[in-house]
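>>> Need coordinates for the below:
(chains A and B)
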Amino acid sequence: MLSACSSGKDLTNDAPRFFAEENPVHLSEWGLMDVSGGALELSDGVVAYDLNSALFTDYALKLRTIWVPEEAGPALYRDNDYPDFPVGTVISKTFYYPRGTGENDVLKVTDTHGETNPILQQLDRVRLMETRLLVRRDVGWDAVSYVWNDDQSDARLTKIGDAQRLTLMSEDHGGEAFAYIVPDINQCAGCHAPNNTTREIVPLGMRPRHINKPYRHDENAVNQIEHLQLIGDLQGLDDAAPVQANVDWTDGQQPLNARARSYLDINCSHCHNPVGPADTSGLDLSMDALSGPELGVCKLPIAAGAGTGGRAFSIVPGDPDASILLHRVETTNPGAMMPELGRALQHREGAQLLRDWIAEMEGTCST
Amino acid sequence: MQFKAAILASTCLVLTSCGQPASDTPQSETTASAEDRLMEQLIDAQPGDVIEIPEGTLNFTRGLSLTADGVTIRGQGMDKTVLNFADQISGAEGLLVTASDFTIEDLAIVDAKGDGLKVNEGENITIRRVRAEWTGEPKTENGAYGIYPVQTTNVLIEDTVTIGASDAGLYVGQSKDVIVRRNRAEYNVAGIEIENTVNADVYENVATNNTGGILVFNMPQLQQEGKATRVFNNRVFANNTDNFGHPGTPVASVPAGTGVIVNSNDLVEIFDNEISDNNTGNIIVSSLHTTGYSEEQASASFDPYPEGIFIYNNTFSGGGAAPDTPELKMALQLLFGDEGRLPDVIWDGYYDEAKMVDGVMPDALKICIDNGDIGVLNANGPSGFMQPSTDMAPFACTLEKLAPVDLGRS
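Model (predicted):
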C-alpha cells in the first residue's frame, strides 16, 4: 500500500483493488495494469476484451478490461443487457495511438480484433491518452477518468477533462490536425446514461450482442462470454440459449445491412433509442428499430439546425447525398455533427459504410 | 462480508498512510482559471447548490454540462456575466442540462456552435434574465436554438433575450405546462417557437425582426402532439428578416414576414396581441401539408390539421403587402392588386374531410375569428392555391376559452 502513495512509478504488477467512495488521484492505485517495464501488463484477474463493432473515437485504439473481484462473486448474465455485475467491478478503457515522428503526431492504423494489440508491449511506440473507468459502487456505476502524464508512468484523475492537439497521420490523407477531447465527468453521462429519464450510468459495450465473439488470451481464441463464465466472472447463461451477436462492421463478408446496423447500434443508439436523450428527435438507431421513419427513412428533421445540411429527410433511399444522416456523420462542425461527443475527425470508413447502405436502399420520399 | 471489510481497509489505508486524502481535485483552487472552476462546480454540484458566476467574460472551447438536480446557476446580469463559446471546438451546446429543479438566471450564453442552452428532460425548470445570442449579422452558420428546453414539465421562461438563432431564439419542445413571458426575441429565424407542447401560455413578449415572430408547431414522429397554447398580450411586429434557416429544417419553410404562425397544432388561442407590419401576413394558420409534409412521413396517429384555433381581440396594422411565397404573391395580385395587402389572417385551406359531419366542420374543430372587421384569406391549398377566397362566413364562430396555465408556484 505504501507504493500507492507515491506518484505510482514504483508500482509493480500488484493486485487490482476497489475504492468504494473516493477516487484515487492516480490510475496506478487501482492496480489494474502496470506500465513500469515499458510494456502494458494487466494484473491477474483483469480480463481484456473487445467488441464485434466498436465506437469510433477519432481513430484512437482501445484496450478494454474488466475486473470482477473474486470475493464479490460472479456477475449474473442477462439477455440483451449487460451482466448484473457485483459491487467492486471495475471496467476500464484505455485510449491510445501509435506514435508518429513529430511530437504530437499519431498514426491512423486499424485496431486488432480478438487479441490485445501487440504494440502495447512497446510503450515507447505508443501515445497513451486516457483511461476511463466504470466502477460499480453501492449506489450504482460511477464514471472516473484519468489522463496519462507526459512520461507515461501513470495517469492522473481529471474531472473537467482535457483537449490535446494532435495530428493524425495516415497514408490516405496525410496529416489531419485535431483536438483530442477527454470528456468531463458530466459528459460521461452523455453516452453512458442511455435512458434519459432514469439517467442511470451503465456500461455500454458489455451487452451480449457486443461481446459475443472470440478473443485470444493465450494460445487459443475462446468466446468471451464463455471465457468469463469459465474463469468465474459470469454465470447464469443457459448454454442452449441463443445469444445475439452484432457483426463486425469492417467485415466485408457480412451483409451490408447487418454491418450498417451494427455500426449505428454501437455509435448512435446510446442516445438514439426510444428512451434515450435523442428520443426528442424521433430517430431510433438501435438494433430494434424497424426500417421505416423511426430508423430515419423519409423522416423529417425536428430540431436539427445546421445538422440538416440543407437536406429534407434523415434517409432518402438510394440517395446518400440527400440524406441528413450522412451529413451528420461526415461534418466536423460541432453544432451539427454526430455523435455529439468523442469525435472531431470524420470517420471516413464508417461514413462510407453508411453511404453504401443508403445507396442500396430502395424507395423514394415524396414531398 | 469479508469483501466489504477488505474494501474498507484499502480505502482507509490510502487515506491515512499518505497523510492526505485521496482527493478528487487535482487542480488547486488558486491556479484554476474561472472557466475550469465553473466546469468543476458543474461537475461537483449537489442538490440545493447555487453556483454563482462572477462578472466578466468566460471563454470556453468545450461545451458545458450539468447533470445534478436542484441546482441554480446565477450570473451577475445578462450583460455582465458572459459565457462565450466563440472558440468552441466540441459539444453540441453551450450548456447542456439533463436535470430537474433547475434555475438559471442573469447571464449570457454567446456564440455557441450548436444550441445555446439546452435542457433535455426535467421538471421545474426556470430560465430567467438569460441572454442567448449569436453576435454579428444573422447568418445560417449561427447555432440552432438560443434557449431550448425539450421534454420538460413545469417550465417558466421570463425576461430573456434571444438574438441571431438560425432556428428559433426561444424554443420549447415536447413539453408540458409552460409559461413564456416578457421575453424579447430578435433577428432569429423563429423568434419564439412552441412545438409539440401541451398547455403553454405565451404572453407579454416582444418578437421583432425575426423571419417569423411566434410559432406554434406540431411535428410528426414524436412522442407527444402539442395542444392548448395561448398567445396573448404580445407585441409581434416587423418580423421581416430573410429566412436564414438551414434548408430542410421546419422553420426554413416559414415565409419571411410572418407575425404569428400556427402549424398543425390544435386548441390555440391568439388574443389581445399587437401584431403589425409583418410583410407576408400578421397571422398564418397552416398545415404541415404546406411545409414539406407528405403521407409517407405520416405516422398513423399524427394529425397535420390545425383545429380549434380561436383568434380574437387583437390589434393589427400594416403587413401583408409583400408576401414571401409565390402562392401568396399570386393571391395578393389576384384579389387585392399591386398596391393592396393580404388580410390579417391567412389560412392555407387544408382541413380534414374525415372529420366533417354532414358536409360541415364541427364548431370545436374550426378556425374561429372574432376580431372586429379584420379579413381572412383562404389560400385554398387543396386547389393548388388556384382559387383563394376572402369569405369570412366560415370563420364566424367562437370557441370555449382555454384555462390559464397554472405552474403551482408562488
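>>> Quick check, the residue in the stretch 201-350 of chain A closest to chain B?
Going by Cβ to the nearest Cβ, chain B is nearest to A:G305 of the stretch 201-350 of chain A, at 2.4 Å. C-betas here are computed from N, CA, C, even on glycine.
>>> Quick one: residues contacting that residue.
Shown in contact with A:G305 (Cβ atoms under 8 Å, 6 or more residues apart in numbering or on different chains): A:G335, A:A336, B:G114, B:D115, B:G143, B:A144, B:Y145, B:S166, B:D167, B:H246, B:T249.
>>> Looking at those, spot the one nearest B:N240.
If you rank the contacts of A:G305 by distance to B:N240 using Cβ to Cβ, B:S166 comes first, at 16.9 Å.
>>> phi, psi of the closest one?
phi -80, psi 0 (degrees, to the nearest 10).
>>> so it touches B:G116, yeah?
No - using Cβ atoms under 8 Å, B:S166 makes no contact with B:G116, being 11.5 Å away.
>>> Name the residue in those two with the higher neighbour count.
When B:S166 and B:G116 are compared for neighbours, B:G116 comes out ahead with 31 against 26, by other Cβ atoms under 10 Å in any protein chain shown.
>>> Can you give me the separation between the more buried one and B:S287?
Going from B:G116 to B:S287 by Cβ to Cβ, to the nearest Å gives 30 Å.
>>> Now tell me what touches stretch A:325-334 from outside.
Stretch A:325-334 is contacted from outside by A:296, A:304, A:306-309, A:311, A:314-315, A:320, A:336-338, A:340, A:343-347, A:350-351, A:354-355, A:358, B:63, B:88-92, B:113-114, using Cβ under 8 Å, 6+ apart.
>>> again, but for stretch B:378-394
Contacting residues not belonging to stretch B:378-394 are listed as B:287, B:289-290, B:327-328, B:330-331, B:334-335, B:343, B:346-350, B:366, B:369, B:375-377 [Cβ under 8 Å, 6+ apart].
>>> run the last query once more with 7 Å
With contact meaning Cβ atoms under 7 Å, 6 or more residues apart in numbering or on different chains, stretch B:378-394 is reached by B:289-290, B:327-328, B:330-331, B:334-335, B:343, B:346-350, B:375-377.
>>> of the residues you listed, buried ones?
By neighbour count, with 16 or more other Cβ atoms under 10 Å in any protein chain shown, these hold B:289-290, B:327-328, B:331, B:343, B:346-350, B:375-377 as buried.
>>> Identify those among the residues you listed that sit within helices.
Using DSSP state H, the members of the buried ones among the contacts of stretch B:378-394 that fall in helices are B:E327, B:L328, B:A331.
>>> Low-confidence stretches in the stretch 151-300 of chain B?
B:292-300 (pLDDT under 70).
>>> Going along the chain, name the helices of it.
With helices called from DSSP state H, counting those that start in this stretch, the stretch 151-300 of chain B shows none.
>>> same deal with the stretch 1-150 of chain B?
Going by DSSP H, counting those that start in this stretch, the stretch 1-150 of chain B shows helices at B:2-17, B:34-44.
>>> and those, which one's lowest on average pLDDT?
Ranked by mean pLDDT, the helices of the stretch 1-150 of chain B bottom out at helix B:2-17, with a mean of 38.
>>> how close does the most centrally placed residue in chain A get to A:L341?
By Cα atoms, centre = their mean, chain A has its centre lying nearest to A:L55, at 4.3 Å. Look at A:L55 and A:L341: by Cβ to Cβ, they are 10 Å apart.
>>> what's the closest non-adjacent residue to A:G296?
A:S314 (3.2 Å; Cβ to Cβ, 6 or more residues apart in numbering or on different chains).
>>> Please verify my assumption that that neighbour contacts A:G282.
No - the criterion here is Cβ atoms under 7 Å, and A:S314 misses it with A:G282 at 9.2 Å.
>>> anything in contact with each of those two?
Residues touching both A:S314 and A:G282 (Cβ under 7 Å, 6+ apart) are A:K299.
>>> Residue 123: neighbour count?
Chain wasn't specified; assuming chain A. Burial of A:L123 is recorded as 18 neighbouring residues (other Cβ under 10 Å).
>>> my bad, the chain I had in mind was chain B
Neighbours of B:E123 under the rule other Cβ under 10 Å: 15.
>>> Surely it and B:S100 touch.
Yes - counting by Cβ under 7 Å, B:S100 is a contact partner of B:E123 at 4.4 Å.
>>> I'd guess B:G319 is in a helix, am I close?
No - counting by DSSP: H, G, I helix; E, B strand; the rest coil, B:G319 is not found in a helix; it is coil.
>>> what are the phi and psi angles of it?
Dihedral angles for B:G319 - degrees, to the nearest 10 - are phi 90, psi 160.
>>> Now do the contacts for it.
By Cβ under 7 Å, 6+ apart, the neighbours of B:G319 are B:G259, B:S276, B:D277, B:N278, B:N279, B:G281, B:N282, B:R341.
>>> Next, see if the longest strand anywhere in chain A gets close to chain B.
In chain A, taking DSSP state E as the definition, the longest strand is strand A:126-137. No - with Cβ under 7 Å from any Cβ of the partner chain as the criterion, chain B is not reached by strand A:126-137; the gap is at least 9.7 Å.
>>> so how far is that strand off the chain centroid?
Here the centre of strand A:126-137 is set off from its chain's centre by 11 Å, with Cα atoms, centre = their mean, to the nearest Å.
>>> Next, the buried residues of that strand.
Within strand A:126-137, the residues that qualify as buried are A:V126, A:R127, A:L128, A:M129, A:E130, A:T131, A:R132, A:L133, A:L134, A:V135, A:R136, counting by 16+ other Cβ under 10 Å.
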